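Asker: Would you be able to build a 3D model of this:
(2 chains)
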Protein chains: 2
Amino acid sequence: MKFMNVFSFSQMATSYCRRILTRRLPILQWSPTYNTHKCISDTIAGITVGLTVIPQALAYANLAGLPPQFGLYSAFVGCFIYFVFGTCKDITIGPTALLSLMTYQQVMNRNSDYAVLLCFLSGIVQILMAVLRLGVLVDFISIPVTVGFTSATSVIIATSQLKSLLGLKISSSGFLDTLMKVYQKINETRFTDLYLGIGCIVFLLLLRKLKNFQLNVVGEKPTTRQKYWNRTFWLIGTSRNALVVLLCSVAGYLYEVKGEGSPFLLTGEIKPGLPSIQLPPFQTVINNQTIGFSDMVMDLGSSIFLVPIIAVLGNVAIAKAFASGTMIDATQELFCLSMCNVIGSFFSSMPITGSFSRSAVNHASGVQTPAGGIFTSVLVLLALSFITPYFAYIPKTSLAAVIISAVIFMIEYEVVKPMWRSSKKDLISAIATFFVCLIVGVEYGILVGVAINIVFLLYPSVRPTVIVETKKTASDIEYLMITPGNSLYFPAVDFIKTSVGKAGVSSRHLPVVIDCRYILGADFTAAKGISALINDFSVRKQPLYFFNTRKEVVTVFQGVLEEDFKYFTTSEELDTTLKG
Amino acid sequence: MKFMNVFSFSQMATSYCRRILTRRLPILQWSPTYNTHKCISDTIAGITVGLTVIPQALAYANLAGLPPQFGLYSAFVGCFIYFVFGTCKDITIGPTALLSLMTYQQVMNRNSDYAVLLCFLSGIVQILMAVLRLGVLVDFISIPVTVGFTSATSVIIATSQLKSLLGLKISSSGFLDTLMKVYQKINETRFTDLYLGIGCIVFLLLLRKLKNFQLNVVGEKPTTRQKYWNRTFWLIGTSRNALVVLLCSVAGYLYEVKGEGSPFLLTGEIKPGLPSIQLPPFQTVINNQTIGFSDMVMDLGSSIFLVPIIAVLGNVAIAKAFASGTMIDATQELFCLSMCNVIGSFFSSMPITGSFSRSAVNHASGVQTPAGGIFTSVLVLLALSFITPYFAYIPKTSLAAVIISAVIFMIEYEVVKPMWRSSKKDLISAIATFFVCLIVGVEYGILVGVAINIVFLLYPSVRPTVIVETKKTASDIEYLMITPGNSLYFPAVDFIKTSVGKAGVSSRHLPVVIDCRYILGADFTAAKGISALINDFSVRKQPLYFFNTRKEVVTVFQGVLEEDFKYFTTSEELDTTLKG
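Answerer: Model prediction:
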């Protein structure tokens, strides 16, 4: 008997451990059923994503104000880690335009150590968030704020690429500053860069259209040949970034080889080879001055919290988009993302998260499991090992074109109309977020947007609706029915007290009944307020009753006012009492 | 006809102006009916308050780290202004223990100019609050926070008086620092001061009891002689502060005159005469360095907002306590308080507000109109003009005794029990406020308390209750009824979506009905979430209906999802549809 118990206990413990293990290491869930078919799909998808991420990584490193190789360093770790810890097959982790922009704010006038430390600290904050179950913070970022923020970011990113597109040499920070400096130097525009850039954008937009081009008539089944061409169009469309960058760098290379010198500004030397594995930089040297850990943390300031939160937000949003209705394990995603950042920081990565555009490519390329990431990683590592010398010939303007053609589709103007129809006050937070992000800074924009949202959220708790009606009971006794339209917590107490008092005074003779059907909860301040209200009414010798009061609310009220509190649950009781 | 219109328009305009005028100058309301009887009552009350405020003012100036005369400067302006602009006959404006403590934080290691500038800026912030209708902020300070805050402040104030009581010469800041320094120097205690101080406290507490002592048996009508004695007891009890200070300073004076030197630490020289009328100090000199306006403002920091908000909070709380059920014009009180502070700052006042203890004395002394304040003011001015030289002989320990005997009754331990019975989570905010006030600082304590309260307030909006029941319609069709227990705004959307999705999946065959009776409002994020939910259900081919949906909520939802949204208002409709 005892043996049995021990046995069943150990069985329970084993099953519990296994459940935790498979939850924290999702690879254990899908790897047993992995097969050749899935592997082929994953290979194709992984390589397609790899061809997308290489030019993006170079461009985003540029956007973050870092040497180009840092983009590639950031691009391979995440995919490896996600392969083990990730729950959503489509997500690919790596550098993104948004995080690059936020990193730029910290790297500007400093050095790359700040980017790597920010990556490490973001991971630490994400672990803390997972442990403290602070994933709930993500719930406070509403769609209007997200829309305002993404749109503003897209505008800022597109603007930041103007200088590369125009071939100008400017160091600027922020949207307005960039616009101003570009305007000042507009007559130094290098037209070769401009024309190439515009050419690349047009080419990219056309290839983007090509992606979904179908030879067959819509609705009809394509023939085998049509299928082949459709597939080819899709492949060309999907790898358009790699294609454009490749063509332009060949041009750059040819000019250089001919000894004429390139007519375009080129990316220049890239440090070849893999990054060395080392501790994240806990101190750094700027202008021959050593800056310690605490000073670096002070310099990074609020971005230590905002970068990881924005990263989580982005990642969860993508996971939700591709999960199509099934549950997301937000804690596991948070944990996985923190691993990506902490481990990434040992490989000189900047902060990383799930990339919407690459995840979409991954999904469209038919990825089957997170193993697709392995092939992406390997492709990036091969690029770092063997072809970095050729990256030097990539014209900067073509990378700018890649970024601009990607972000202009993130400006979500089409959401304004349904928002106007659905909930006009949401437009206020969206527009406020957009402009504060654009003019003051992305962090402030988010904070302002969330603050406005919370004010709207709290409003019914502060100034609830109060409906006053004169009613009659079954036995024709007139009374005043007052219905507060919200729970009764401290900010509303004075307002409700004053409203009920006023209504009571202005119909002096009538008994007052407060219908508590929408009072789902109450607190001590409310109980005190109700106690004062009952007192005021009894001084005036006007009867005051409570109706439809929930049990929880009765408990709160009675904690303060014991016997005086008269409440009913049925209209009959009410009738009887008013008659008495 | 036209003439009539113009006439009635001008009549309307006149009546509107008059209404505004009497609202902003309440003196116009009560002065027409002012008479000798009221004047006598006001005189008695005003002089009684005056005898209370003089020793308090000296003590509070000491508490604020200012020369004693500043307490008197602060004591007369408020009463004058309140006479014109005030709405509540009982309130007397002047220095208070709490504001003195908050002022001390700013004056410490600086000079009195900071106190006067803080007074001016508090007034300006209060005007802004009145204009922007930010009186609503006061609603966010709940009773638990007020209780925690007042109790902590009382403990801090009592502790800060320990050094004077023990005759120690210490400069300290904050509760812990004071305790530590007193402990370190405890063997330097001057026992003459200690004994006198303790004697004063015992005497004050006894006289406090005497105030309500009645010679006649309770319930019986007193004889004329008993009435006379009862009245005398009350008068002695009420003027106990003035009495104790007077007796002790006579003792101090006699010792000095005999040439033996006082055995007690005395208040020392007080600058005699009225304060000069001058602009508030917009710059100051510390250690021979001139400090400009912007630097002073930076030094004052968050107290520029916290001092006026706390002042308004205190004043509104007193007004509410004495208004006994009638409406308080919060905006007018705010405006009046701002006038007191702005004009006060031209007379070297520190920040002032309504004093609870003196307002209670005023009330108990039978004040009839705000004119009582005039007599208080005149008494303070007379004291400043003629008797300041004698203030030098007041032993510091007796002022400490006055303060300690007043504040120990503000520690509200007796509220803990009803709070525990009524709403246990309110104890959390009260206790957190208390300890953070005590250990970190009063401003932070309030902020932490309000933050905890808001988290509790928001909780139901983030994780509402969701009740899932299997029900049957009249025609016996089974369905799943899901009732979310709160409005549907952005922080709850994912939670509700997941909950409904899970419940729907786990009872695959049943149609799902969402009962929206408690969904009083919704926003764009909610509409998007509901849209995704409807989509998930239609992919699963599971019916999803909405029941009891309010018109406002339907509008918000339909802004996003137009045709797919199926909702009913009666059970019959529901039955018919489920049957179909």
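
Asker: Pretty sure A:Ile91 sits against A:Ser359.
Answerer: Yes - between A:Ile91 and A:Ser359 a contact is recorded at 5.1 Å, counting by CB atoms under 8 Å. Heads up, the C-betas are built off the backbone N, CA and C, glycines and all.

Asker: Now the common contact residues for those two.
Answerer: Contact criterion CB atoms under 8 Å, 6 or more residues apart in numbering or on different chains; residues shared by A:Ile91 and A:Ser359: A:318, A:322.

Asker: and these two? which has more neighbours close in?
Answerer: A:Ile91 (30 against 24; other CB atoms under 10 Å in any protein chain shown).

Asker: Phi first, then psi, for that one.
Answerer: The phi/psi pair for A:Ile91 (degrees, to the nearest 10) reads phi -70, psi 130.

Asker: any idea which element A:Ile467 lies in?
Answerer: Assigned by DSSP states H and E, A:Ile467 belongs to strand A:466-472.

Asker: Helix, strand, or coil at the closest residue to chain B within the stretch 451-580 of chain A?
Answerer: Of all residues in the stretch 451-580 of chain A, A:Gly559 sits closest to chain B, at 2.6 Å by CB to the nearest CB. At A:Gly559, secondary structure determined by DSSP: H, G, I helix; E, B strand; the rest coil is helix.

Asker: Contact partners for it?
Answerer: Neighbour list for A:Gly559: A:524, A:527, B:418-423 [criterion: CB under 8 Å, 6+ apart].

Asker: now swap in A:Val493 and tell me
Answerer: Counting by CB under 8 Å, 6+ apart, A:Val493 has contacts A:525-526, A:528-529, B:139.

Asker: now, among the residues you listed, which is nearest to A:Thr48?
Answerer: B:Asp139 (57.2 Å; CB to CB).

Asker: what about the closest one, distance to A:Ser461?
Answerer: 10 Å (CB to CB, to the nearest Å).

Asker: now A:Gly301
Answerer: Distance from A:Gly301 to A:Ser461, by CB to CB: 32 Å.

Asker: For the two, indicate the residue with more neighbours.
Answerer: A:Ser461 (22 against 12).

Asker: Surely A:Leu118 is in contact with A:Leu300?
Answerer: Yes - contact criterion CB under 8 Å: A:Leu118 and A:Leu300 qualify, at 5.9 Å.

Asker: Quick check: neighbours shared by these two?
Answerer: Contacts common to A:Leu118 and A:Leu300, judged by CB under 8 Å, 6+ apart, are A:Gln106.

Asker: Looking only at neighbour counts, state which of these two leads.
Answerer: The neighbour count for A:Leu118 versus A:Leu300, taken as other CB under 10 Å, is higher for A:Leu118 (28 against 19).

Asker: Identify the residues contacting the more buried one.
Answerer: A:Leu118 neighbours (CB under 8 Å, 6+ apart): A:103, A:106, A:300, A:303-304, A:307, A:350-351.

Asker: nearest residue to A:Ser151 other than its sequence neighbours?
Answerer: The spatially closest residue to A:Ser151, leaving aside those adjacent along the chain, is A:Ile411, at 4.7 Å (CB to CB, 6 or more residues apart in numbering or on different chains).

Asker: What's the per-residue pLDDT of A:Cys39 here?
Answerer: As predicted, A:Cys39 sits at a pLDDT of 87.

Asker: Count the neighbours of it for me.
Answerer: Look at A:Cys39: counted by other CB under 10 Å, it has 16 neighbours.

Asker: Only the buried residues of the helix or strand hosting it, if you could.
Answerer: For A:Cys39, the host element (DSSP H and E) is helix A:36-63. For helix A:36-63, the neighbour count (16 or more other CB atoms under 10 Å in any protein chain shown) marks A:38-39, A:41-63 as buried.

Asker: who does the helix or strand that it is followed by touch, helix- and strand-wise?
Answerer: Going down the chain from helix A:36-63, the next helix or strand is helix A:69-85, by DSSP H and E. For helix A:69-85, the packing partners by 3 or more CB pairs under 8 Å, 6 or more residues apart in numbering or on different chains; DSSP states H and E come out as helix A:27-30, helix A:36-63, strand A:93-94, helix A:112-131, helix A:330-345, helix A:372-382.

Asker: just to revisit the earlier point, could you tell me which residues touch both of B:Asp139 and A:Ser461?
Answerer: A:491-492.

Asker: Now tabulate the contacts of A:Val493 in JSON lines and tack on secondary structure.
Answerer: What follows is the contacts of A:Val493, written out as JSON lines (three-state DSSP):
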{"residue": "A:Thr525", "secondary structure": "helix"}
{"residue": "A:Ala526", "secondary structure": "helix"}
{"residue": "A:Lys528", "secondary structure": "helix"}
{"residue": "A:Gly529", "secondary structure": "helix"}
{"residue": "B:Asp139", "secondary structure": "helix"}
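
Asker: Which one of these is nearest to A:Cys516?
Answerer: Nearest to A:Cys516 among the contacts of A:Val493 is A:Ala526, at 10.9 Å by CB to CB.

Asker: Who are the contact partners of that closest one?
Answerer: Here A:Ala526 is in contact with A:488-490, A:492-493, A:556-557 (CB under 8 Å, 6+ apart).

Asker: swap the cut-off to 7 Å and go again
Answerer: With contact taken as CB atoms under 7 Å, 6 or more residues apart in numbering or on different chains, A:Ala526 is in contact with A:488-490, A:493, A:556.

Asker: Show me these that map onto helices.
Answerer: A:490, A:493, A:556 (DSSP state H).

Asker: need the contact list for the last one.
Answerer: Under the criterion of CB under 7 Å, 6+ apart, the contact list for A:Val556 reads A:522-523, A:526-527, B:422-423.

Asker: go on, the first one?
Answerer: Contact partners of A:Phe490, counting by CB under 7 Å, 6+ apart, are A:523, A:525-526, B:142, B:453.

Asker: Repeat the analysis, applying 8 Å as the threshold.
Answerer: Applying CB under 8 Å, 6+ apart, the residues near A:Phe490 are A:523, A:525-526, B:139-143, B:453, B:457.
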